[in-house]
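> With the input below, show me the fold.
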Amino acid sequence: MNSSILTANPTTPRPTPLLSPFLNPTPPLKFTLPSKTLHQFRYRPRIFTIRFCSSASSHNQNPVTQSPINVLVETKQLSGFQSLVDSMSPPVRLASSVIVFAGAVVAGYGLGCGFGGSRNAGLGGAFAIGGVGTGVAYALNSSVPEIAAVNLHNFVAGCDDPGALKKEDIERIANKYGVSKQNKAFNGELCDIYSQYVSAVLPPGNEDLKGDEADAIIKFKSALGLDDPDAAAMHMEIGRRIFRLRLETGDRNGDLEQRRAFQKLIYVSHIVFGEASAFLLPWKRVFKVTDSQVVVAVRDNAQRLYASELKSVGRGVDTQQLVNLRDAQQLYRLSDKLAEETFREHTRKLVEENISAALGKLKSRTITVEAGNVIDELDKIVAFSNLLVSWKNHPDASRFALGLGPISLSGGEYDGDRKMGDLKLLYRAYVTDSISTGQMEENKLAALNQLRDIFGLGKQDAENIRLDVTAKVYRKCLSQSLSGGHLEAADSKAEFLQNLCEELHFDPLKAMEIHEEIYRLKLQQAVSDGELSEKDVKSLERLQVLLCIPKQTVEAAHVDICGSLFEKVVREAIGAGVDGFDTFIKQSVKKAAYSLRLSREVAMSIAGKVVRKVFVIYIQRSRAVENLTEAAKELKKMIAFNSLVVTELVADIKGEEESSTTTATKEDVSEERIKELEEAEDWDALESLAKARPDKANSGKMGQTEITLKDDLPERDKTDIYKTYLLYCLTGEVQKFPFGMEITTKNDDSEYIRLSQLGGILGLTDKEIMGVHTGLAEQAFRRQAEVILADGQVTPARVEQLNELQRQIGLPPQIVERIMKNITSTK
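Purely as a prediction, here's the structure:
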């Protein structure tokens, strides 16, 4: 193989040598030729240029031609003998060979006869000189292939555009000298020229392929008439040079460049030889690379080439560009999946440019209004997405580039929570502009949905933004309708409001929430002085009619706002305590209930909530102490609070007339209940139960029973509290003195009246009260009966004692019998 050193024009960035082991712009490696060769040839530099354009770009209407590659090629000169042979045509060369051989035989015969004097000497001379002639003739013909190779080299070096070389030119040279292209010397020169051309076409390691290298190499190989095995051998040789250079490279950057150069060689070779590259190019065996590495090299380079083709595709892509992209993908042997991903990545970057521009204008602090420019950028995004969707649905979509369809920001700069805030700002700006005229058009609504999908916003997030902006516009339009009298003049207020919601594409339920909020605000302003005047009531009723607010909503608003004010008054009244609950406080409660226009049920509900909290506090204090007397004292305070404060509070809330009516009704109810209790025999069975039974004498001391803890405490807790005070009534008050002395003072029957009031506060039923008394009596009888029947023997004297105990406690006979049977059975 020839080792001519070819250098590049220093003004071009393309590779320096044509036949060089370097595929990066490093100093060329020089080879030393034998001295005989240096004497034989005298080099004369000549420049020729390789010009070619991208085959993928040739489909475009305006193909872009690459910059020419200027390569310095050194021509070879023939020696004198070779020049003489070169001047002969094949017939002349054949005739000359015959003449030389015949002349040598004749001359040898003549010389042999002349010097030897015999015929045998003549024949010997003829053989000797004929052999020399044969050698000359052989030398004359054997130099022809080398001369043909030199002329082939000089012919290619003399071409301004080696890419334009034709197969006929090579055949003409071969036919001129009568040599076969399979001749070793001639074929070696063909391989040498091919190797130089491939090395020149492939860009260095730090540059990307242009996409037309494979076509240029295939065309040049076809022009040379080189077989695939010979051409593949040259590709492997170039790979060896790159591999050696990579081993010699000392820095990391140089290693990466040579690695990329090797990958580009693999990719171009894969395109040049097609499926035959699997057995023509043994990368794995020679360079110890895996099949996956070869696949990666082909994939990455194909993807880079396809990405370079996409650079010419903008937001106004047309059908011709899409067809060209599909052809380029197939030309570059890029898989459909990678082609689709690359196209989507390109469209995503175009959209990201619009987003960045829109954000820059939106966040600009300049005085000039940039809202229109922001919307223009977003309109470009929507229009581009619509265009891609339309091309996807085109009848000829199968001929178009893959990856058409809606745009997604997934995997890009704006994918992630960190950038979601910026995207929401843009979406809000677009919603604001779409509804700025007071009406949401259908095309704008579709654009909003599409923009939401492009930005990757959740449906709930986008809906919240749209509702927030639309609600502000709805409030503005509603305010104008109210102030301008358009809503009041409408025949149907509901229809007017419904039309307004439809124009804005606003949820009527959200509109009702706004109406309620407006009503509440108006109500808060009306009661800011603590009362609701007739004028305010009429104004609120008018607003309710205009905004079509349901009665339930109005009542709830009054309970919430007016009720909070009334609750404050009730808290102050209760906070004054038993001693501070005077006439002034009673009047303030009565005035608040009337001036705030609260119904009796609402006022009682609010007061009951506050009073029950106070009751619970008393009970918590009672249960926190261990002493029975102290616990009873806390319960006494609660009973007094109910009688002196809560009862009066309830009467004030209901009003004087209502209070008298209620009192009469209460007395009637009390008389009926007393009558029922008198008829009930169980109340007289136990002494404590009879004392706790209400009668006409103490019916007026019972206090109110409308606010109770019936639903605030568990049944067990209520019975335990009642039992605690019942024990206090039975045992009396224990007073402790120094030196461990204790004096028990028996309580009078007034404590049983308080016990009855406690049952009313706790909300206990008659059955529950009787159960507590009966249970306590059973415990007392059981304890004394166990002492009497300690040995389990029932004697007449003991029976008499038990009967007396029964009469004292007042237990029914059936209960006594059950207790005695239980005691005797366990002894």
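
> how deep is Ser588 tucked in, by neighbour count?
Look at Ser588: counted by other C-beta atoms under 10 Å, it has 15 neighbours. To be clear about C-beta, it is placed using only N, CA and C from the backbone, and glycine gets the same treatment.

> Can you tell me the element it falls in?
Using DSSP states H and E, Ser588 falls within helix 583-595.

> Check the offset of that helix from the chain's centre.
When C-alpha coordinates are averaged (C-alpha atoms, centre = their mean, to the nearest Å), helix 583-595 and its chain have centres 59 Å apart.

> Could I get the buried residue list for that helix?
Ile585, Lys586, Val589, Lys590, Ala592, Ala593, Ser595 (16 or more other C-beta atoms under 10 Å).

> now the first one: how far from Ala576?
Counting by C-beta to C-beta, to the nearest Å, the gap between Ile585 and Ala576 amounts to 6 Å.

> ditto for the fourth one
Relative to Ala576, Lys590 is positioned 15 Å away (criterion: C-beta to C-beta).

> low-confidence ranges in the stretch 501-650 of the chain?
Within the stretch 501-650 of the chain, not a single segment meets pLDDT under 70.

> Would you confirm that Glu706 contacts Val650?
Yes - Glu706 lies in contact with Val650 (C-beta atoms under 8 Å); the separation is 6.1 Å.

> shared neighbours of the two, anything?
Taking C-beta atoms under 8 Å, 6 or more residues apart in numbering as the contact rule, Glu706 and Val650 both touch Met604.

> In terms of neighbours, single out the busier of the two.
Ranked by neighbour count (other C-beta under 10 Å), Glu706 and Val650 place Val650 first, with 23 against 16.

> Now the more buried one. Nearest residue, chain neighbours left out?
Nearest residue to Val650, sequence neighbours excluded (C-beta to C-beta, 6 or more residues apart in numbering): Gln704, at 4.8 Å.

> Report the contact partners of that neighbour.
Here Gln704 is in contact with Asn642, Val646, Thr647, Val650 (C-beta under 8 Å, 6+ apart).

> What segments of this protein are strands?
Taking DSSP state E as the criterion, the chain carries its strands at 44-50, 69-75, 733-737, 741-745.

> now the last one: mean pLDDT?
Right, the one you point to is strand 741-745. Confidence for strand 741-745, expressed as mean pLDDT, is 59.

> What are the phi and psi values at Glu207?
The phi/psi pair for Glu207 (degrees, to the nearest 10) reads phi -120, psi 150.

> now swap in the one 4 residues further on and tell me
As for Gly211, its main-chain torsions (degrees, to the nearest 10) stand at phi 100, psi -20.

> That one: how many residues sit nearby?
Around Gly211 there are 24 other residues, counting by other C-beta under 10 Å.

> Number of residues surrounding Lys424?
Count around Lys424 with other C-beta under 10 Å applied: 16.

> Could you find the closest non-adjacent residue to it?
Once flanking residues are discounted, Lys424 sits nearest to Ile465: 6.3 Å by C-beta to C-beta, 6+ apart.

> which ones are touching that neighbour?
Residues in contact with Ile465 (C-beta under 8 Å, 6+ apart) are Lys424, Tyr427, Arg428, Val431, Leu457.

> Pull out the buried residues from stretch 296-311.
Judged by neighbour count (16+ other C-beta under 10 Å), stretch 296-311 contains these buried residues: Ala297, Val298, Arg299, Asn301, Ala302, Gln303, Arg304, Leu305, Tyr306, Ser308, Glu309, Leu310.

> you'd agree the fifth one is up against Leu338?
Put plainly, it is Ala302. Yes - taking C-beta under 8 Å as the definition, Ala302 is a contact partner of Leu338 at 7.5 Å.

> coming back round to it: and which of the contacts of Ile465 is nearest to Ala233?
Leu457 (59.0 Å; C-beta to C-beta).

> ok, now how distant is Leu224 from Ala214?
Distance, Leu224 to Ala214, using C-beta to C-beta: 16 Å.

> what's around Asp208, how many residues?
13.

> next one: Arg259
Arg259 has 15 neighbouring residues, counting by other C-beta under 10 Å.

> Hmm, it is touching Leu247, no?
No - between Arg259 and Leu247 no contact is recorded; they are 11.7 Å apart, counting by C-beta under 8 Å.

> Next one: Leu322, what pLDDT does it get?
At Leu322, the model reports a pLDDT of 92.

> what's near enough to touch the closest residue to it other than its chain neighbours?
Excluding its sequence neighbours, the residue lying closest to Leu322 (C-beta to C-beta, 6+ apart) is Phe400, at 3.8 Å. Contact analysis of Phe400 by C-beta under 8 Å, 6+ apart lists Thr319, Leu322, Val323, Leu325, Arg326, Trp391, His394.

> Which members of those define the maximum pairwise distance?
Spanning the widest gap among the contacts of Phe400 are Leu325 and His394, at 13.9 Å by C-beta to C-beta.

> Between those two, point out the one with more neighbours.
Between Leu325 and His394, counted using other C-beta under 10 Å, the more crowded position is Leu325 (26 against 13).

> Identify the residues contacting the more buried one.
Contact analysis of Leu325 by C-beta under 8 Å, 6+ apart lists Tyr306, Glu309, Leu310, Val313, Phe343, Phe400, Ala401.

> Pick the one among those closest to Ser292.
Proximity of these to Ser292 was ranked by C-beta to C-beta; the top entry is Tyr306 with 20.6 Å.

> Alright, I will stop here.
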